[in-house]
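K.L.:
Any chance you can model this:
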Amino acid sequence: MRYFKLTIAYDGTDFHGWQFQANRPTVQGEIVSVLRRLTQESVLLLGAGRTDAGVHALGQVASFRTQSALSAAEFQRALNALLPPAIRIVSAEEKGPDFNARWSAKGKVYRYRIYRGKVVPPMLWRYVLHYPFPLDEQAMQNAAARFVGVHDFTSFAASTGSEDDDKERNMEREIFSTELKRSEDSQELCFTVHGRSFLRYMVRKMVGTLLEVGRGRLAPDDIHKLYDLKDRSKSGPTVPPQGLFMVSVDHDESFRVDDGS
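P.N.:
Below you'll find the predicted structure:
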């Protein structure tokens with residue numbers, strides 16, 4: 001058996017997220033379909049994380065195992081030839097059995113882009129949230145720093161739809177660093193967050209809360225109050241998906257999970 005790591009970039013606009021869904025186009029579904037054609041095997045593709053519908057990636061990581069004789073370079077070339085142009089295999093590497101894209105992931109970096117100019121260039125509208133109105137960006141930077149550390153992020157995550165399931169979930173997450181800064185051309189405000197793992201909609205709720213701080217509806221000190229409240233209705237709204245990018249994934253390459261094989 002051979003083991004491969006794929007680093008993947010994609011425009012998520014026309015996909016219903018990463019994870020396979022019956023009768024809907026997904027990034028995982030498209031890649032698996034091509035891998036099965038190439039290997040004539042029922043390939044299982046594991047992603048480092050799930051991105052929601054409309055969310056993009058610069059460095060999603062996935063892994064699969066196969067008995068195919070194709071090299072990593074051949075897999076990359078064949079996948080890029082057969083996949084839709086909105087999905088590209090940035091790199092392909094053969095790994096040992098210790099590598100697992102999901103279970104060995106020890107951190108992820110996400111970035112959310114807010115376009116601050118009056119008119120969004122047509123080549124950018126799929127990839128930014130347009131907000132040309134006044135914002136206190138200094139207060140937003142102050143608030144963004146309050147996300148760093150280990151906190152209960154209940155107020156910044158989507159509900160499962162079940163009260164009982166919500167009560168059972170571990171809502172603590174560790175954020176290593178955050179940065180809120182203007183792009184070089186000063187037209188975009190970018191929020192970058194590096195954390196061990198993330199809850200569903202967590203980054204988009206964090207950005208929505210930062211926008212509320214920028215509008216003056218919340219104060220930077222309210223971030224810590226929101227941790228204690230554990231009430232998602234008190235934080236900012238969930239911003240649209242198109243401004244969000246999975247930038248990269250950190251891996252412990254020596255991690256091994258016993259899959260029973």
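K.L.:
alpha carbons only for contacts and neighbour counts from here, please
P.N.:
Noted.
K.L.:
Got the phi and psi for residue 145?
P.N.:
Per-residue torsions, residue 145: phi -70, psi -20 (degrees, to the nearest 10).
K.L.:
May I have the residues that are in contact with it?
P.N.:
By Cα atoms under 8 Å, 6 or more residues apart in numbering, residue 145 lies in contact with 177-179.
K.L.:
Secondary structure element holding the residue of the chain positioned farthest from its centre?
P.N.:
In the chain, the residue that sits farthest from the middle, by Cα atoms, centre = their mean, is residue 69; the gap is 31.8 Å. Assigned by DSSP states H and E, residue 69 belongs to neither a helix nor a strand.
K.L.:
swap in the one 4 residues further on?
P.N.:
Assigned by DSSP H and E, residue 73 belongs to helix 72-82.
K.L.:
From the chain's centroid, how far away is that helix?
P.N.:
A distance of 24 Å separates the centroid of the chain from that of helix 72-82, by Cα atoms, centre = their mean, to the nearest Å.
K.L.:
other SSEs contacting that helix?
P.N.:
Helix 72-82 is packed against helix 27-39, strand 87-95, with contacts defined by 3 or more Cα pairs under 8 Å, 6 or more residues apart in numbering; DSSP states H and E.
K.L.:
Name the residues of the first one that are buried.
P.N.:
Residues of helix 27-39 classed as buried: 27-32, 34-35, 38 (neighbour count, 16 or more other Cα atoms under 10 Å).
K.L.:
what residues does it touch?
P.N.:
Contacts of helix 27-39 (Cα under 8 Å, 6+ apart): 10, 12, 15-21, 41-45, 47, 66-68, 78-79, 82-83, 87.
K.L.:
Check these for burial and list the buried ones.
P.N.:
Listed as buried from the contacts of helix 27-39 are 10, 12, 15-20, 43, 45, 47, 66, 78-79, 82-83, 87; burial here means 16+ other Cα under 10 Å.
K.L.:
Strands - which of these land there?
P.N.:
Among those, the members falling in strands (DSSP state E) are 10, 47, 66, 87.
K.L.:
tell me the contacts of the first one?
P.N.:
The contact partners of residue 10, taken as Cα under 8 Å, 6+ apart, are 27, 56-58, 86-88.
K.L.:
what's the closest non-adjacent residue to it?
P.N.:
residue 87 (4.4 Å; Cα to Cα, 6 or more residues apart in numbering).
K.L.:
Give me the pLDDT for that neighbour.
P.N.:
If you check residue 87, the pLDDT there is 98.
K.L.:
so what's it up against?
P.N.:
Residue 87 sits next to 8-11, 27, 80 when contact means Cα under 8 Å, 6+ apart.
K.L.:
right, so of the helices and strands packed on helix 72-82, which gets closest to residue 154?
P.N.:
Comparing those by their distance to residue 154 (Cα to Cα), the top pick is helix 27-39, with 28.0 Å.
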